[in-house]
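Enquirer: could you look at this predicted model? Sequence included:
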Amino acid sequence: MDQLRLMRCATRDHGVLLPDVLDREGVSAKQRRHRVQTGEWRRLPCGMLVIAGVPETFEMLATAALAVALAFDLLG
């Protein structure tokens with residue numbers, strides 16, 4: 001996993017760690033759980049992961065909601 005590239009993507013996406021980015025970077029489900037358990041990341045109510053300490057903004061929540069909608073093909 002390239003930590004710097006992951007953080008750049010999260011910054012671009014308002015703190016949201018998009019599933020396709022995590023998959024592309026090879027972050028396993030176990031690694032994701034560990035980072036949530038250690039407080040490095042947190043899970044939004046919609047299930048998306050975000051960087052801990054990043055303030056919840058409209059943009060963050062909108063990015064997360066759009067990611068969920070796309071993942072479940074709710075826009076088609």
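Expert: Here it is on my side, so go on.

Enquirer: in which helix or strand does residue 59 reside?
Expert: Secondary structure here is read from DSSP states H and E; on that basis residue 59 sits in helix 58-71.

Enquirer: could I get the full set of helices for this protein?
Expert: Ranges of helices in the chain, per DSSP state H, are 3-12, 19-24, 29-37, 58-71.

Enquirer: mean pLDDT added to the ones you listed, as JSON lines?
Expert: Formatted as JSON lines, the entries for those read as follows, by pLDDT from 0 to 100:
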{"stretch": "helix 3-12", "mean pLDDT": "90"}
{"stretch": "helix 19-24", "mean pLDDT": "93"}
{"stretch": "helix 29-37", "mean pLDDT": "97"}
{"stretch": "helix 58-71", "mean pLDDT": "94"}
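
Enquirer: can you get me a residue count around the closest residue to residue 71 other than its chain neighbours?
Expert: Counting by C-beta to C-beta, 6 or more residues apart in numbering, residue 19 is the residue found nearest to residue 71 once chain neighbours are left out, at 6.7 Å. All C-beta atoms are positioned from the backbone trio N, CA, C, and that covers glycine. If you count neighbours by other C-beta atoms under 10 Å, residue 19 ends up with 17.

Enquirer: wait, residue 19 touches residue 67, no?
Expert: Yes: using C-beta atoms under 8 Å, residue 19 is in contact with residue 67, at 7.0 Å.
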